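Trainee: Need the 3D shape of this:
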Amino acid sequence: MSRRDEEKDDESSVSTVHDSILDLQQRQRAVDERQQEQQQQQLETDTSTATMNDDDNLSNDEEQLRQRPPATDTAVVPEVAATTNDKDQRIIDEGNYIDKSSSNSISHRIQHFFHDGKAVAVFFMITGGMAVAVQSGTNGSMRVIAGRSFSATANFVIGLMANLLAFAFDVLVLKTPRPRFSRLKESPWYSWIGGILGTYYVIINIFTVINMGAGTVLSVNVCSQIIMACIMDHFGLTGIAKRRITIWRILACLGLIGCVAVITIF
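Mentor: So this is what the prediction gives:
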């Protein structure tokens, strides 16, 4: 076979392969187009089915609305009236809130004050303060008659007897548990100096009340007691609960100092 014949055979083989490739590409394109057409048809079918279902549901809802009996005015009017009344009452309450808030707070505090028994406690504190004022006068009278030292001694001896009676009444009648020695050993050191401080207070009153008068002595004592009490509250001294000193307490102490100055001078 000549060279020219071989070249012709090669060209015919290449042409055959090329035609086969083109045929395969055309078949693949046809398959892809058929798949796209099927997907489009399926999508249209699903859309139409969903639309039909929505139409059926809407028809059913309309049918139920037509079959439902109409609401009467007698059932609606009271509800609307009640809603309107509630809104009006809410507006009235909100409008009067500012006016009533202060008075309600004060009245609530007053009721809370009496219901908690604080009124009784205040009564006893007032009578206790009056007793201290009377005590200053009696100590001054005893000082004039028997001397300063005997006045203080008599004061505390009689006070000891009264305290023993109060202790017996508390333990025997009120059934308060008696103190135990083990607990007494645990008490801090400053819990034992109350008697010493009380003695100091009584002696100072005895020394000053005759010359300065009971009003001046007690006003100075009370003023110093309140200022020291505020300081103790602020720092929590002697184990008491802390209560921070405020500008209002400071102003009250300053006002108390002014009152003491007026009582002392005039």
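Trainee: When you work out contacts or count neighbours from here on, use the C-alpha atoms and nothing else.
Mentor: Will do.
Trainee: which is the next helix or strand following the least confident helix or strand in the chain by mean pLDDT?
Mentor: The helix or strand of the chain with the poorest confidence is helix 73-115; it has a mean of 54 (mean pLDDT, DSSP states H and E). Downstream of helix 73-115, the first helix or strand assigned by DSSP states H and E is helix 118-146.
Trainee: Sketch out the low-pLDDT regions of this structure for me.
Mentor: By pLDDT under 70, the weakly predicted segments of the chain are 1-15, 17-18, 48-117.
Trainee: and Ala168, how many neighbours does it have?
Mentor: 14 (other C-alpha atoms under 10 Å).
Trainee: so the host helix or strand of it versus helix 118-146, what angle?
Mentor: Ala168 belongs to helix 148-168 when assigned by DSSP H and E. Counting by axes from the mean of the first three to the mean of the last three C-alpha atoms, to 10 degrees, helix 148-168 lies at 150 degrees to helix 118-146.
Trainee: Check what contacts helix 148-168 and list those residues.
Mentor: The contact list for helix 148-168, computed with C-alpha atoms under 8 Å, 6 or more residues apart in numbering, reads Asn139, Met142, Arg143, Thr199, Val202, Ile203, Ile206, Phe207.
Trainee: Need phi/psi at Arg244.
Mentor: When read as degrees, to the nearest 10, the backbone of Arg244 gives phi -60, psi 140.
Trainee: Apologies, that question was intended for Gly147.
Mentor: Dihedral angles for Gly147 - degrees, to the nearest 10 - are phi 100, psi 160.
Trainee: any idea how far it is from Met212?
Mentor: 17 Å (C-alpha to C-alpha, to the nearest Å).
Trainee: Over to Asn155?
Mentor: Here Asn155 is placed at a distance of 20 Å from Met212 (C-alpha to C-alpha).
Trainee: Looking at these two, which is more packed in?
Mentor: Taking Asn155 and Met212 together and counting by other C-alpha under 10 Å, Asn155 has the greater number of neighbours (18 against 12).
Trainee: Would you list the buried entries among the contacts of helix 148-168?
Mentor: Taking 16 or more other C-alpha atoms under 10 Å as the criterion, what is buried in those is Asn139, Met142, Arg143, Thr199, Val202, Ile203, Ile206.
Trainee: send the alpha carbons of the helix or strand following the helix holding Ala168 over as PDB?
Mentor: Using DSSP H and E, the helix or strand that directly follows helix 148-168 along the chain is helix 181-186. C-alpha atoms of helix 181-186 as PDB (Å, rounded to 0.1, in the frame of the first residue of the first chain):
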ATOM      1  CA  PHE A 181     -20.600  31.300 132.300                       C
ATOM      2  CA  SER A 182     -19.100  29.900 129.000                       C
ATOM      3  CA  ARG A 183     -21.000  32.500 127.000                       C
ATOM      4  CA  LEU A 184     -19.900  35.300 129.400                       C
ATOM      5  CA  LYS A 185     -16.300  34.400 128.700                       C
ATOM      6  CA  GLU A 186     -16.900  34.900 125.000                       C
END
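Trainee: so what secondary structure elements neighbour helix 181-186?
Mentor: Judged by 3 or more C-alpha pairs under 8 Å, 6 or more residues apart in numbering; DSSP states H and E, helix 181-186 is in contact with no other helix or strand.
Trainee: what packs against the helix or strand following it?
Mentor: Elements were assigned by DSSP H and E; along the chain past helix 181-186, the next helix or strand is helix 194-212. When contacts are defined as 3+ C-alpha pairs under 8 Å, 6+ apart, helix 194-212 packs onto helix 118-146, helix 148-168, helix 214-235.
Trainee: any idea which of those helices is most buried?
Mentor: Highest mean neighbour count among those (mean count of other C-alpha atoms under 10 Å): helix 214-235, with a mean of 17.
Trainee: any idea of the angle that one forms with helix 118-146?
Mentor: Interaxial angle, helix 214-235 versus helix 118-146 (the same axes, to 10 degrees): 130 degrees.
Trainee: And for Ile226, nearest residue in space, chain neighbours not counted?
Mentor: Cys253 (7.5 Å; C-alpha to C-alpha, 6 or more residues apart in numbering).
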